[in-house]
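Visitor: structure for the following, please:
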Amino acid sequence: MPHTTSAPPSASELRRQPSRRFSVAPMMDWTDRHCRFFLRLLSKQALLYTEMVTTGALLHGDRQRFLRYSECEHPLALQLGGSNPADLAACARLAEDVGYDEVNLNVGCPSDRVQNNMIGACLMGHPQLVADCVKAMQDAVSIPVTVKHRIGINGRDSYAELCDFVGTVAAAGCRSFTVHARIAILEGLSPKENREVPPLRYEVAAQLTQDFPELEFILNGGIKTLDECRTHLQTFDGVMLGREAYHNPYVLAQVDQQLFASDTPVVGRAEALRQLRPYIEQHLAEGGVMHHITRHVLGLGQGFPGARRFRQLLSVDVHKVDEPLQLLDQATQLLEGH
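Guide: The predicted model follows:
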C-alpha cells in the first residue's frame, strides 16, 4: 500500500530542479573538476556530481579547492558527507553561494573511514538524524537537497526498515532519492567489495517507486549501457552511472541524443580531446601537470587498433617528456575515426 508523507509539496517542489534523468555518480578520487569538465564535453544534459566533500573539510579546510568548478559543468551537484545538521546547513549555504544546482547528502558510502565519523551508509541506521540534516539544509538554501543511499545496511536490511528510512526523510521535505540497489555491509568488506559483493536488488528499489509514488527515485548500481538505462527509465525517474561512466566515458557521448531527444551531433572521441586541449593548456600555464587531467580520459582508448598505445601515451609516456601537449596531439590522432 502506498505511503503518504506529511511534508507540504510546495517548499521543495518550487525549488528549481535539475533533470536527474541521467547522472554520473559522485566518486572519490575520480569525479574531480577536471573529470567533470571532460565529461561535460561528451554530454550537455547529464547531471554531474562532485566527489564527496566532508563538512569538516569544507568548513575548516581549503574551501576554494573543494568548491572550485568551471561554469560549463552545470548542471552540477555538490555531495556532502556529514551528520551534524548545523554544519551541513552551513555547507549547503556555501554550495548555493557559489552556484551549485543541488546539494546531496551521502548516506551510501560504506567506508570504515567515514563510519567512525557518522558519515555515509551507517546513517541508514539513524533515519531521524538524516531527516534532521535534510531539514536543516533545506531551511538554509533554496536549491534542492537530495539523498543518496543504499537499500539497507547489515542488521537493518528489511524492506520495512527501508520504507521507514525513506518515509522519515521524505517527511522532512526530501523529494529526490538516489538508490544504490545493494545493501552496505559495514564490517568486513572494503568499499570496493561493497560495490561488488552484496547482490544488486533492483526489484527492491523498484518497489519504492510503487509505495512512494509522489517521490523521485534515481537508480544506481551496476548499470553499464544506454539500453539498460532506457529499460530502467520505464520504472525509475532517472539513472545514475558510476564506474562505467569513468572507465568507459564515451558511453556519455550518446546520452543527449538517446535519452534527451537532442538533435545535436554526437561528438567524436578525437573531437572531444581537441576540445579539451585549451583547458589543458590553461592548467599547464597555471603550473599544473597534464596527467591531472588526462588520467580521466584513458577510457576513451578502448576497442580499436591503437587504443593501447593511446593509453600508454597518456599514462606512462606523459611523465617522461618536456612537451606534454605534443604527446596529447599524438594521442588525439590515434582516436581519429573511432
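Visitor: would you map the strands across the stretch 201-338 of the chain?
Guide: 216-220, 238-241 (DSSP state E, counting those that start in this stretch).
Visitor: where does the stretch 101-250 of the chain dip in pLDDT?
Guide: 111-116 (pLDDT under 70).
Visitor: quick one, helices of it?
Guide: 112-115, 127-140, 159-171, 191-194, 202-211, 226-232, 243-247 (DSSP state H, counting those that start in this stretch).
Visitor: quick check: which of the ones you listed is nearest to residue 55?
Guide: Smallest distance to residue 55 across these (C-beta to C-beta): 9.9 Å, for helix 127-140. Every C-beta, even on glycine, is put in place using the N, C-alpha and C of the backbone.
Visitor: show me what that closest one packs onto, helices and strands only.
Guide: helix 85-97, strand 102-107, strand 145-153, helix 159-171 (3 or more C-beta pairs under 8 Å, 6 or more residues apart in numbering; DSSP states H and E).
Visitor: so it versus helix 159-171, what angle?
Guide: 20 degrees (axes from the mean of the first three to the mean of the last three C-alpha atoms, to 10 degrees).
Visitor: give me the buried stretch members for helix 127-140, please.
Guide: 127, 129-138, 140 (16 or more other C-beta atoms under 10 Å).
Visitor: kindly report the same for stretch 85-95.
Guide: 85, 87-92, 94-95.
Visitor: check stretch 52-62 too.
Guide: Residues of stretch 52-62 classed as buried under the neighbour-count rule (16+ other C-beta under 10 Å) are 52-55, 57-58.
Visitor: I'd say residue 135 and residue 85 touch.
Guide: Yes. If you go by C-beta atoms under 8 Å, residue 135 and residue 85 touch, sitting 7.4 Å apart.
Visitor: gap between the residue nearest to residue 95 when sequence neighbours are not counted and residue 161?
Guide: Leaving out its chain neighbours, the residue that sits closest to residue 95 by C-beta to C-beta, 6 or more residues apart in numbering is residue 78, at 4.4 Å. Going from residue 78 to residue 161 by C-beta to C-beta, to the nearest Å gives 28 Å.
Visitor: between the two, who's got more neighbours?
Guide: residue 78 (26 against 17; other C-beta atoms under 10 Å).
Visitor: what sits against that one?
Guide: When the contact criterion is C-beta atoms under 8 Å, 6 or more residues apart in numbering, the partners of residue 78 are 49-50, 53, 67, 95, 100, 102-104.
Visitor: of all the buried residues of helix 127-140, which comes closest to residue 166?
Guide: The closest of those, once distances to residue 166 are taken by C-beta to C-beta, is residue 127, at 8.4 Å.
Visitor: who's in contact with that closest one?
Guide: Taking C-beta under 8 Å, 6+ apart, one finds 164-165, 168-169 in contact with residue 127.
Visitor: could the helices and strands packed on helix 127-140 go into CSV alongside distance to residue 30?
Guide: Listed next are the helices and strands packed on helix 127-140 as CSV, based on distance: least, C-beta to C-beta, whole Å:
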stretch, distance to residue 30
helix 85-97, 20
strand 102-107, 15
strand 145-153, 15
helix 159-171, 27
